[in-house]
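Colleague: Generate coordinates for the sequence data below:
(one chain, ligands or ions: 2)
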Amino acid sequence: MRVWAIANQKGGVGKTTTTLALGRSLAARGLPVLLVDLDPHASLTRAFGVAADPQPMGVANLFATPPAGLSDLLRPSAVEGLDFVCAQTSLATLERRSISQPGLGLALSQALSRHVGHEFVLLDCPPMLGLLVVNALAAADLLVVPTQCEPLALHGLEGMRRTGSMIERSRRRPLPTAILPTLFDRRTRAGRDTLARLHRDYRDQVWQHAVPIDTNVSNADFLAGQPSEGEKFPGRALPAYDRALDWLLQTDRAMERAA
Ligand SMILES: Nc1ncnc2c1ncn2[C@@H]1O[C@H](COP(=O)(O)OP(=O)(O)OP(=O)(O)O)[C@@H](O)[C@H]1O
Ligand SMILES: [Mg+2]
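Modeller: Ligands and ions are numbered 1, 2, ... in the order given. Model (predicted):
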């Protein structure tokens, strides 16, 4: 089983969209995948049609005493081979508990170490550094950083890389980074310049293409296989995500072999 954390401390860069799109592509290739919503805002959970109130069983139950197992929490989606675990708004309270509280930073790693049945687990992280992101990075084999193709996003990327290095040192196991340029608008100079800079500065850590802006993916419910399926689909972004997946799989396999 391979675990990928989809993370960037900057908001609105395409983390949830990337989690859903890569999840769909993995499932379409016959690779069973579990998506875990670690964001108290629960966008991924809502995309799957689960309401926030009453709070569903989900990630917070991994932090209970005794902790729930992932297999008790996962739900099947409308897409075959694609399951998910909900986030709850109560995760926001958990987020405020100390990340230095013994054991709390490893709750997800422990749950994953006992889990079987999925070849891939994708962790949709919240746009902040806290307990949930620490859990995700402690558990991940690969850190995927969706990075919006606009100049300010480069700061978010650097912040995320620093956080990744910090966790890598404390867990004493490599955490390779794969940067995925997202929301690319070829019509704007800022978009083109940022993408060129990403490719120049991060070389083999960055996908050599970009996921374009595409109004077809702006409906997350649709991506999650909810009833609006059948509208204009697949557009340009989903085929791009499918190509990005080839690169991510290659990168991940190279890391697995090197480990
Ligand atoms: N390729 C794309 N083309 C058009 N819209 C997109 C694309 N990717 C993402 N979006 C839209 O951009 C917005 C932000 O995307 P998303 O929710 O995936 O980002 P996020 O990083 O998960 O945000 P947050 O930090 O709030 O969790 C959403 O409205 C989403 O539908
Ligand atoms: Mg999100």
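Colleague: Which residue is the nearest non-sequential neighbour of Ala42?
Modeller: Ala87 (4.2 Å; CB to CB, 6 or more residues apart in numbering). C-beta here means a position set from N, CA and C on the backbone, and glycine is covered the same way.
Colleague: correct me, but that neighbour touches Gly58?
Modeller: Yes - using CB atoms under 8 Å, Ala87 is in contact with Gly58, at 5.7 Å.
Colleague: out of these two, which sits in the busier spot?
Modeller: Ranked by neighbour count (other CB atoms under 10 Å), Ala87 and Gly58 place Ala87 first, with 29 against 24.
Colleague: sorry, back to before: sec struct for the residue nearest to Ala42, please.
Modeller: Using DSSP: H, G, I helix; E, B strand; the rest coil, the secondary structure recorded for Ala87 is coil.
Colleague: What's the local residue count around the closest residue to ligand 2 within the stretch 101-250 of the chain?
Modeller: In the stretch 101-250 of the chain, the residue that lies nearest ligand 2 is Asp124 (6.0 Å; CB to the ion). Asp124: 28 surrounding residues under other CB under 10 Å.
Colleague: Does it touch Thr17 like I think?
Modeller: No - judged on CB under 8 Å, Asp124 makes no contact with Thr17 at a distance of 9.6 Å.
Colleague: which residue sits closest to the residue in the chain that ligand 2 sits nearest to, ignoring its sequence neighbours?
Modeller: In the chain, the residue found nearest to ligand 2 is Thr16; the distance is 3.3 Å by CB to the ion. Leaving aside its sequence neighbours, Thr16 sits nearest to Ser43 (CB to CB, 6+ apart; 4.7 Å).
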